[in-house]
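One predicted model, sequence on top.
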Amino acid sequence: MSPMPFRTLDLNLLKVFEALMTEGSVTRAANALKMTQPAVSNALARLRDALSDPLFVRSGTGIRPTQRAVALWDPIGGALESIRGALDEEVFDSRRAQTEFSLSMSDYVSALVMPRLLNRFAEMAPTARIRTVPNTIIGIADQLEDNRVDCVLSVYVNEALHQGLIRSRSLWTVDYACFMRRDHPLAGKKRLNVRSFLGARHVDVSLAGRTLPTYDQFLGSRGLSRNLVAIVNHYNAAYEIVRQSDLIAVLPRDLSAQSRQAPYLHAMPVPLPAPPRIVSLFWHQRNDTVPAQRWLRETLVEMFARME
């Protein structure tokens, strides 16, 4: 394949390439560029011909970049950003912005993040909006690749394997405890021994897309198993089940402290602590230099990243 001579390439096509990469859809790219869809499709056809590659393929309701497009994106996206910065310093004015930000998270993360974040928005971005959507650990990359959300806040595990264009930043380590109702038969013990812990009836949380909770995978790796009798897909439901039954659960300590179930729950150290699990902020590389997105990430990191 002979290279396309730079001097014969219409550089306006690179702006279309950038919009297609950033928006993940011909329709959204046309809106962003204030062009018609046929004009964007025509520009894409010219790019494909010039670069001898399809560049984008249909995927769901949008498009996905080919390997060639991904390889081109870093140098071309960086070059266009440098040109834009030299010509017009783009600044995000949070106090006047009417942007809608979309965040993907579990109810555990949402309960910790959203009250504080909305208070910050009321002060710093009063006309901006936030929309949250459910989070599934194995869907992190897809949600970001398909441009369905701006950021994901989630625990990182092997199922969320980083793809080349997914960025992440650690926020906090989850502190787990073993919870039971205050008058549970085990609550009077000074500490839980392994036999009592594994033999008790357990409930755990498994977000959609997972068949076995992470903690059971950890136990299995040590040749152990517990009496897991219920799996739910919301953390708040697990605390409520523990409050109203003899079931016990290994759950995040920081969420329980602010929940309405807190006065009715007793927390004890987990006799078999699993490896640490870290909540991270995930985003797509396409949003690295978008001013509004950068402001959102900086706000989340400033508010929720803990030095540990």
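Yep, that arrived.

For Leu228, give its distance to Gln217.
From Leu228 over to Gln217 the distance is 12 Å, taken as CB to CB, to the nearest Å. In short, each C-beta sits where N, CA and C put it, glycine included.

In the protein, mark out all the helices, start to finish.
12-23, 26-33, 37-51, 67-87, 107-124, 140-145, 194-199, 214-221, 235-244, 253-256, 291-304 (DSSP state H).

looking at those, which is closest to Arg181?
With CB to CB as the measure, helix 235-244 is the member of the helices of the chain nearest Arg181 (5.6 Å).

tell me the angle of that closest one relative to helix 107-124?
120 degrees (axes from the mean of the first three to the mean of the last three CA atoms, to 10 degrees).

Out of the helices of the chain, which gets nearest to Ala262?
Smallest distance to Ala262 across the helices of the chain (CB to CB): 5.7 Å, for helix 253-256.

Which residue comes closest to Val109 once chain neighbours are left out?
Nearest in space to Val109, with sequence neighbours left out and distances taken as CB to CB, 6 or more residues apart in numbering, is Leu153 at 4.9 Å.

Equivalent analysis for Met268, please.
Nearest one to Met268, counting by CB to CB, 6+ apart, is Cys178 at 4.9 Å.

tell me the contacts of the one you found?
Counting by CB atoms under 8 Å, 6 or more residues apart in numbering, Cys178 touches 192, 197, 248-250, 267-271.

Just confirm Trp40 contacts Asn31, I think it does.
Residue 40: Val, not Trp. No - using CB atoms under 8 Å, Val40 makes no contact with Asn31, being 9.6 Å away.

which of those two has more neighbours?
The neighbour count for Val40 versus Asn31, taken as other CB atoms under 10 Å, is higher for Val40 (23 against 14).

how near is the more buried one to Val91?
Taken as CB to CB, the span from Val40 to Val91 is 27 Å.

do the same with Leu198
Counting by CB to CB, the gap from Leu198 to Val91 is 57 Å.

helices and strands of the protein: which one has the lowest mean pLDDT?
helix 253-256 (a mean of 74; mean pLDDT, DSSP states H and E).

any weak-confidence spans in the stretch 151-300 of the chain?
156-164, 208-211, 255-259 (pLDDT under 70).

My understanding was that Val279 contacts Val155; is that so?
Yes - the criterion here is CB under 8 Å, and Val279 meets it with Val155 at 5.6 Å.

These two - which one has more neighbours?
Counted by other CB under 10 Å, Val279 and Val155 do not tie: Val279 has more neighbours, with 23 against 20.

Ser41 contacts Val26, doesn't it?
Yes - using CB under 8 Å, Ser41 is in contact with Val26, at 6.2 Å.

Glu298 versus the most centrally placed residue in the chain, what's the distance?
Centroid-nearest residue in the chain, with CA atoms, centre = their mean: Val152, separated by 1.4 Å. Separation of Val152 from Glu298 (CB to CB) stands at 17 Å.

now do Phe304
Phe304 is 11 Å from Glu298, by CB to CB.

In terms of neighbours, single out the busier of those two.
Neighbour totals were compared for Phe304 and Glu298, and Phe304 leads with 17 against 10 (other CB under 10 Å).

Please give me every residue in contact with that one.
By CB under 8 Å, 6+ apart, the contact set of Phe304 is 112-113, 116, 171-172.

Over to Arg181?
So Arg181 contacts 187, 242-246, 264-266 (CB under 8 Å, 6+ apart).

Please, a ChimeraX command that selects the buried ones among those?
Selection of the buried residues among these in ChimeraX, burial being defined by 16 or more other CB atoms under 10 Å:
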select :242,243,265,266
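
Redo the contacts of Arg181 as CSV? Include distance to Phe56.
Output for the contacts of Arg181, formatted as CSV (distance: CB to CB, whole Å):
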residue, distance to Phe56
Ala187, 58
Val242, 49
Arg243, 51
Gln244, 52
Ser245, 52
Asp246, 55
Tyr264, 54
Leu265, 51
His266, 55
